[in-house]
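Novice: I would like to see how this sequence folds:
(one chain, ligands or ions: 1)
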Amino acid sequence: MNCPNCNSEISNSNINIQTDLAQCQSCNKIFKISENFNTIADDKFDILNPPNGAWIKEEMNQLIIGASTRSPIAFFLVPFMVVWSGGSIGGIYGTQIASGEFNPLMSLFGIPFLIGSVMFWSFALMAIWGKVELTLDKVGGKVFTGIGSIGLTKKFSWNEVSTVRENNSVKFNYPGSQGGQIVIEGSKRISFGTGVKESRRYYLLKGLQSVLSKVKLNKRFV
Ligand SMILES: [Zn+2]
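Specialist: Numbers count the residues shown, from 1 in each chain. Predicted coordinates for the structure are as follows:
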């Protein structure tokens, strides 16, 4: 077991399972074992058995767990977007192009529609082809959110991470999002997983927690 504060190894004599307390001999921090390693006893979760739409892969000292952001909302979003952005952008810019006359006021008026289109189209495309994927190794990991290789990557190292939890009070709900996100906390904060169906998000959460507890206990996970 390693200290959640300074990450140095804690000798067995400083660990008391009965009282749920351990003390680090390097920095003298006392902490509750259950709070810092809350997934040790979680034996019902099976990382090798992902739900439909989620996956696990082992590659070259890396463990990859991921989930698709595919959602039935796409059946609504795509036709809606074709009509909405086609109508607004076609109406505002298409008419200018067709007539060959530039209208600065109308072009300015169209900017929010352009921004809105980019935003909602990226949600719509995520609902068809998107994924959230975690690539984990001994040192740390990265979280990818996107389509194919186009997207956002957030990196972390294990010694910056103290907990992984779920945040269900997400304020920003766009069409297709299903509430909730996964939060990696420690010296920095990474949140991801908005828009991932609950059963898949649960798999990513528990998978990441179980890997974290193995890392903290110096156990192999790949
Ligand atoms: Zn310590």
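
Novice: Can you name the secondary structure element that comes next after the helix or strand harbouring residue 88?
Specialist: Assigned by DSSP states H and E, residue 88 falls within helix 74-89. As assigned by DSSP H and E, the chain's next helix or strand after helix 74-89 is helix 95-99.

Novice: Now do the most centrally placed residue in the chain, the pLDDT please.
Specialist: Nearest to the mean C-alpha position of the chain, by CA atoms, centre = their mean, lies residue 192 at 2.6 Å. pLDDT, residue 192: 94.

Novice: distance between the least confident helix or strand in the chain by mean pLDDT and the chain's centre?
Specialist: Across the helices and strands of the chain, mean confidence by mean pLDDT, DSSP states H and E is lowest for helix 33-36: a mean of 73. On the basis of CA atoms, centre = their mean, to the nearest Å, helix 33-36 is displaced by 23 Å from the centre of the chain it belongs to.

Novice: Just give the nearest non-adjacent residue to the residue nearest to the centre of the chain, would you?
Specialist: Excluding its sequence neighbours, the residue lying closest to residue 192 (CB to CB, 6 or more residues apart in numbering) is residue 143, at 4.8 Å. Yep, even glycine has a C-beta here, placed from its N, CA and C like the rest.

Novice: Now the one you found: phi and psi?
Specialist: Main-chain torsions, residue 143, degrees, to the nearest 10: phi -120, psi 120.

Novice: Please list all residues in contact with it.
Specialist: By CB atoms under 8 Å, 6 or more residues apart in numbering, the contact set of residue 143 is 132-134, 153-156, 184, 190, 192.

Novice: 6 Å instead, please
Specialist: Residue 143 is in contact with 134, 154, 192, counting by CB atoms under 6 Å, 6 or more residues apart in numbering.

Novice: Contacts only, for the residue nearest to the centre of the chain.
Specialist: By CB under 6 Å, 6+ apart, residue 192 lies in contact with 132, 143, 145, 182.

Novice: let's go with 8 Å and repeat that
Specialist: So residue 192 contacts 132, 143, 145, 154, 181-182 (CB under 8 Å, 6+ apart).

Novice: List only buried entries from these.
Specialist: 132, 143, 145, 181-182 (16 or more other CB atoms under 10 Å).

Novice: so can I have JSON lines of those residues showing distance to the ion and pLDDT?
Specialist: Below are these laid out as JSON lines (distance: CB to the ion, whole Å; pLDDT from 0 to 100):
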{"residue": "132", "distance to the ion": "32", "pLDDT": "97"}
{"residue": "143", "distance to the ion": "27", "pLDDT": "97"}
{"residue": "145", "distance to the ion": "33", "pLDDT": "96"}
{"residue": "181", "distance to the ion": "30", "pLDDT": "91"}
{"residue": "182", "distance to the ion": "26", "pLDDT": "94"}
